[in-house]
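[1] only geometry, no sequence info:
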């Protein structure tokens, strides 16, 4: 059964697929996370309408969420076409993509090295390692598993091209690379990775192996570097587009916020921490707060010594080429997210290690396999290898369990990190979704204490004040949040909330300005359209009110919006349409007493 690759590979692939799908099966019962899943799917009107021509056009031109990744948007939209807003389908797609990536990795290594044992171990480590849970269990990280699939396909196409260099084969490599960049710019380092593969296992570099030169087509390093220039041009274009999108989205931190010295120190420390968490995957979290200037000198020094020691080791034993290639793969593919350009609040993230750790897995798997062969241990190393995989799978199962509810996810995050104002905000948001507003309030206050310049906690406190009829305090909180952020999405939401509070206070003109500012930032801000509709209704501009309210419920169907639309339609004498609006409200909220009474009154009127 295992005598030849033709018989062996399908069986191994089936085994890997079954193990991966079974391990991640619990994810399919999880809800959407209240961290970016709303912006990517749940409250995104373009994605919610499914994969249409309009969605494709928007995806190709949008830099929403501080990124240009049209294929990711299309992937989410396709899920909405198939599954609606049922999280089961969205999670299943991510799990399926991870399983595909596992198989592609195994087959790539098998094709390139002809060594089934270490190739299988690398793929198995990739399949079951707890550091990869975040990329699979979090719907908003679809971009990670999707771009990795195109990354692996581009590597495969490059191997095909390397056998017989041809411009048509090169175009396939470039197209798959472009698809990866259009999913997530993390794969921007692909040209660098291809140069590593030219060294090992493809051995395309002239003079790298005298014996190999006789059996395969080889080139000088300068020729191989020039060969990658068109791909480097794609990388450069992606880098420019990404920087523009991130700056427009207010995600890039200035050196005044995080000094360059702090970035270098944090990068060194983060490299070492990724290695540590690979070896000892405990206290994993969706976000590790940036330490700023607080890292101790000894932490940075230990990290630097670890990196230096491994670099010296890889160079000392460079005859075993996979050591140098695996180590440089790890170092190089992490560069875009290591924090030299600081984006967002995180110092590091498990999801960033999805591709980079493959390099370390290769070092471990092939290094141990060679050592075992030299010592003539036979198949005995398979026993500890299997034990390691079982332990990692058990830890992964536990880590997946933390994603089964938003409250559990963020409670765990607060337990394993310090001064995490993002986790405080998100735990508060999770409690709000459960109707536990009073329990949520202390977490919003804690977030504001940890980071007084955090706009999210200010906005959340504004919502709390507004719900408790402390409208002046709510307005002050919203205005404070507006001053602290340049994120268009957050600004649009905050201006809409500010307008609602101002409208409730009777400050109609400031409210109008706030709603209009919200819509300038995001034309699809549903509650801003609702606010403008209510203002027009109050002023007797019924046609304008009907138009604004209709737009609101089109973007975000909700009972209150349909009720207000029904009232306005009734005032305009459009009774059948008003009744239909009330029915829509009752379909969403069957116990909506005011909608029931209004609908009954209209029916009586018709009789």
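    On my side now, so go ahead. Computed from a predicted model, the values in this text were never measured in an experiment.

[2] quick one: residue 151 and residue 189 touch, right?
    No. With contacts counted by Cβ atoms under 8 Å, residue 151 stays clear of residue 189, the gap being 9.6 Å. C-beta here means a position set from N, CA and C on the backbone, and glycine is covered the same way.

[3] looking at these two, which has the bigger crowd around it?
    The neighbour count for residue 151 versus residue 189, taken as other Cβ atoms under 10 Å, is higher for residue 151 (28 against 20).

[4] what residues are up against that one?
    By Cβ atoms under 8 Å, 6 or more residues apart in numbering, residue 151 lies in contact with 180, 187, 190, 355.

[5] try it again at 10 Å.
    101, 104, 176-177, 179-181, 183-184, 186-187, 189-190, 193, 333, 354-355, 358 (Cβ atoms under 10 Å, 6 or more residues apart in numbering).

[6] now swap in residue 415 and tell me
    Going by Cβ under 10 Å, 6+ apart, residue 415 touches 283, 285, 402, 423.

[7] for the closest residue to the first one other than its chain neighbours, give me its contacts.
    It refers to residue 283. Spatial nearest neighbour of residue 283, chain neighbours left out: residue 416 (3.9 Å); criterion: Cβ to Cβ, 6 or more residues apart in numbering. Residues counted as contacts of residue 416 (Cβ under 10 Å, 6+ apart) are 282, 283, 284, 285, 288, 402, 423.

[8] which secondary element of the protein has the worst mean pLDDT?
    Within the chain, no helix or strand scores below helix 210-213, which has a mean of 46 by mean pLDDT, DSSP states H and E.

[9] list the buried ones in the very next helix or strand once past that helix?
    With elements assigned by DSSP states H and E, the helix or strand that comes after helix 210-213 is helix 221-227. The neighbour-count check on helix 221-227 (16 or more other Cβ atoms under 10 Å) flags 224, 227 as buried.

[10] one more: stretch 276-296?
    For stretch 276-296, the neighbour count (16+ other Cβ under 10 Å) marks 277, 278, 281, 284, 285, 286, 287, 288, 289, 290, 291, 295 as buried.

[11] for residue 342, grab phi and psi.
    Residue 342 has phi and psi values of phi -80, psi 120 when expressed as degrees, to the nearest 10.

[12] residue 255 is in contact with that one, correct?
    Yes. Between residue 342 and residue 255 there is a contact at 8.8 Å, judged by Cβ atoms under 10 Å.

[13] who's more crowded, these two?
    A side-by-side neighbour count of residue 342 and residue 255, using other Cβ under 10 Å, places residue 342 first with 23 against 11.

[14] tell me the spacing between that one and residue 267.
    Relative to residue 267, residue 342 is positioned 10 Å away (Cβ to Cβ, to the nearest Å).

[15] which pLDDT value belongs to the closest residue to residue 204 other than its chain neighbours?
    For residue 204, ignoring the flanking residues on the chain, the nearest one in space by Cβ to Cβ, 6+ apart is residue 198 at 4.3 Å. According to the prediction, residue 198 has pLDDT 96.

[16] repeat that for residue 65.
    88.

[17] that one contacts residue 46, doesn't it?
    No. Residue 65 is beyond contact range of residue 46, at 11.7 Å (criterion: Cβ under 10 Å).

[18] so for those two, which residues contact both of them?
    Shared contacts of residue 65 and residue 46, counting by Cβ under 10 Å, 6+ apart, come down to residue 73.

[19] rewinding a little: including pLDDT and secondary structure, could the contacts of residue 416 go into CSV?
    Converted to CSV, the contacts of residue 416 look like this (pLDDT from 0 to 100; DSSP: H, G, I helix; E, B strand; the rest coil):
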residue, pLDDT, secondary structure
282, 94, coil
283, 95, coil
284, 96, coil
285, 95, coil
288, 93, strand
402, 97, helix
423, 96, helix
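
[20] distance to residue 329 for those - can I get that in a markdown table?
    Formatted as a markdown table, these follow (distance: Cβ to Cβ, whole Å):
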| residue | distance to residue 329 |
| --- | --- |
| 282 | 25 |
| 283 | 26 |
| 284 | 22 |
| 285 | 25 |
| 288 | 23 |
| 402 | 29 |
| 423 | 31 |
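
[21] excluding its backbone neighbours, what's nearest residue 512?
    Spatial nearest neighbour of residue 512, excluding adjacent residues (Cβ to Cβ, 6+ apart): residue 535 at 5.8 Å.

[22] pLDDT score for the one you found?
    For residue 535, the pLDDT comes out at 96.

[23] kindly report the same for residue 411.
    Per-residue confidence (pLDDT) for residue 411: 97.
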